[in-house]
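A.B. asks: quick one, fold the following:
(one chain, ligands or ions: 2)
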Amino acid sequence: MSRSVKKLTGLVAATFTPLTAEGEINLSVIGPYIDYLIEKQNVKSVFINGTTGEGCSLTVDERKQLAAAWCQHGKGKLEQVIVHVGCMSIKDSQELARHAASIGADGIAVISPSFFKPINADALRLFIKEVSAFAPDLPMYYYHIPSMTGVALDAADVLNGIEQMIPSFQGVKYTGTDLRDLGQCVCYSQSHNWSVMFGVDEQLLGALVLGVHGAVGSTYNYLGRIVNQMLAAFDNGNYMQTRALQFEFMEVITFAKNLGFDVSVNKQVMSEVSGLAMGPPRLPLLPCPVSKAQAIAQKIKDFSQGH
Ligand SMILES: CC(=O)N[C@H](C=O)[C@@H](O)[C@H](O)[C@H](O)CO
Ligand SMILES: CC(=O)C(=O)O
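C.D. replies: Ligands and ions are numbered 1, 2, ... in the order given. From the prediction side, this is the model:
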């Protein structure tokens with residue numbers, strides 16, 4: 001890689017994709033969205049067009065427009081804009097990788113294709129290599145999310161030896177609950193100075209103990225300020241306070257899960273808490289009843305007010 005890498009650490013918001021009532025991408029929200037994250041949540045990096053951003057439901061052209069808008073509005077404000085480029089067709093992912101490099105993104109990430117799945121870690125490593133070849137100067141992160149892709153290969157197996165194939169490889173976003181596999185990813189990453197970013201927000205404390213470098217998640221859009229307090233307490237060795245905050249956070253997520261908590265509900269919750277108009281989700285996700293989102297948003301506001 002030709003330039004020095006800014007290590008990805010701390011909290012990263014996995015952003016929602018604002019849509020108009022008619023279901024078109026709404027780029028006018030992105031500027032205010034960035035200001036909200038920085039000013040209200042103390043979150044300075046974003047992961048765009050991922051799960052929360054309904055990336056796989058967007059066209060390649062929409063994804064390019066969104067990535068360009070995030071980079072343009074984030075310039076001089078955001079620390080890092082990581083663009084998720086995962087698609088079913090490797091050609092589309094390559095095009096998005098090349099585009100991300102051309103607009104000054106700070107890194108790219110890719111999930112495994114999930115219709116035709118890689119049969120083993122070798123196949124997945126080869127796929128990641130052929131995508132990063134179109135943006136050789138951009139840090140590449142493997143996005144491990146077996147609950148969505150159905151690809152349950154150990155992430156640690158995917159990492160093993162990948163530095164020899166992909167000089168720009170920089171780490172993993174780990175959205176899974178296998179702490180053995182996660183720990184092995186952290187252990188392997190140490191000697192390469194990679195970042196392991198955790199993606200199950202309500203279980204972050206378990207991952208912090210194993211040494212992850214940060215977290216990428218949907219809830220940091222509206223609970224980033226409090227989770228930043230939790231990270232500070234952890235860094236100060238105040239485990240009682242860290243645990244107390246994690247327990248309160250868990251209670252909010254449990255409440256949401258009991259009502260049914262998916263990207264559609266989450267998106268409406270973001271609109272309610274932030275006041276920004278995220279708009280509806282895209283089919284096959286169905287719009288969430290406002291009363292449900294309001295009940296969850298109220299819990300979040302109560303939690304926020306307490307801290
Ligand atoms: C499956 C999924 O979308 N996971 C997200 C990140 O990867 C998380 O941020 C969750 O939305 C969050 O942990 C709430 O369950
Ligand atoms: C949650 C997450 O990391 C994503 O939206 O991709």
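
A.B. asks: what segments of this structure are strands?
C.D. replies: Assigned by DSSP state E, the strands in the chain fall at 10-14, 45-48, 80-84, 107-110, 140-144, 169-174, 195-198, 214-217.

A.B. asks: export the ones you listed to JSON lines and tack on mean pLDDT?
C.D. replies: Putting these into JSON lines (pLDDT from 0 to 100) gives the following:
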{"stretch": "strand 10-14", "mean pLDDT": "98"}
{"stretch": "strand 45-48", "mean pLDDT": "98"}
{"stretch": "strand 80-84", "mean pLDDT": "98"}
{"stretch": "strand 107-110", "mean pLDDT": "98"}
{"stretch": "strand 140-144", "mean pLDDT": "98"}
{"stretch": "strand 169-174", "mean pLDDT": "98"}
{"stretch": "strand 195-198", "mean pLDDT": "98"}
{"stretch": "strand 214-217", "mean pLDDT": "98"}
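
A.B. asks: dump those strands to TSV, plus mean neighbour count.
C.D. replies: C-beta here means a position set from N, CA and C on the backbone, and glycine is covered the same way. Shown next, in TSV, are those (neighbours: other C-beta atoms under 10 Å):
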stretch	mean neighbour count
strand 10-14	26
strand 45-48	27
strand 80-84	27
strand 107-110	26
strand 140-144	27
strand 169-174	27
strand 195-198	26
strand 214-217	26
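
A.B. asks: adding distance to Pro280, write those strands out as a markdown table.
C.D. replies: Listed next are the strands of the chain as a markdown table, based on distance: least, C-beta to C-beta, whole Å:
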| stretch | distance to Pro280 |
| --- | --- |
| strand 10-14 | 18 |
| strand 45-48 | 19 |
| strand 80-84 | 21 |
| strand 107-110 | 25 |
| strand 140-144 | 25 |
| strand 169-174 | 26 |
| strand 195-198 | 29 |
| strand 214-217 | 22 |
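
A.B. asks: which of those sits closest to ligand 2?
C.D. replies: Nearest of the strands of the chain to ligand 2, taken as C-beta to the nearest ligand atom: strand 10-14 at 3.1 Å.

A.B. asks: about what we covered before: a markdown table please, covering the strands of the chain and showing distance to ligand 1.
C.D. replies: Formatted as a markdown table, those follow (distance: least, C-beta to the nearest ligand atom, whole Å):
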| stretch | distance to ligand 1 |
| --- | --- |
| strand 10-14 | 5 |
| strand 45-48 | 9 |
| strand 80-84 | 11 |
| strand 107-110 | 11 |
| strand 140-144 | 8 |
| strand 169-174 | 7 |
| strand 195-198 | 9 |
| strand 214-217 | 3 |
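
A.B. asks: could you check the distance from the residue in the chain that ligand 2 sits nearest to over to Ala101?
C.D. replies: Relative to ligand 2, the nearest point of the chain is Gly50 (2.4 Å; C-beta to the nearest ligand atom). Note on Gly50: its distance to Ala101, by C-beta to C-beta, to the nearest Å, is 18 Å.

A.B. asks: out of these two, which sits in the more crowded spot?
C.D. replies: Taking other C-beta atoms under 10 Å, Gly50 and Ala101 do not tie; Gly50 has more neighbours (29 against 16).

A.B. asks: in contact with the more buried one, which residues?
C.D. replies: 14-15, 84, 109, 143, 216 (C-beta atoms under 8 Å, 6 or more residues apart in numbering).

A.B. asks: neighbours around Gln164, how many?
C.D. replies: Neighbours of Gln164 using other C-beta under 10 Å come to 9.

A.B. asks: whoops, Ser28 was the one
C.D. replies: 12.

A.B. asks: how about the residues of the stretch 151-300 of the chain near ligand 1?
C.D. replies: 175, 199-202, 217-219, 253 (C-beta under 6 Å from any ligand atom).

A.B. asks: try 5 Å
C.D. replies: By C-beta under 5 Å from any ligand atom, the residues of the stretch 151-300 of the chain that approach ligand 1 are 175, 199-201, 217-218.

A.B. asks: show the buried residues in the residues you listed.
C.D. replies: 175, 199-201, 217-218 (16 or more other C-beta atoms under 10 Å).

A.B. asks: out of these, which comes closest to Asp35?
C.D. replies: In terms of C-beta to C-beta, no member of those lies closer to Asp35 than Ser218, at 19.0 Å.

A.B. asks: check contacts around the closest one.
C.D. replies: Counted by C-beta under 8 Å, 6+ apart, Ser218 has contacts 13-14, 16, 51-52, 201, 263, 266.
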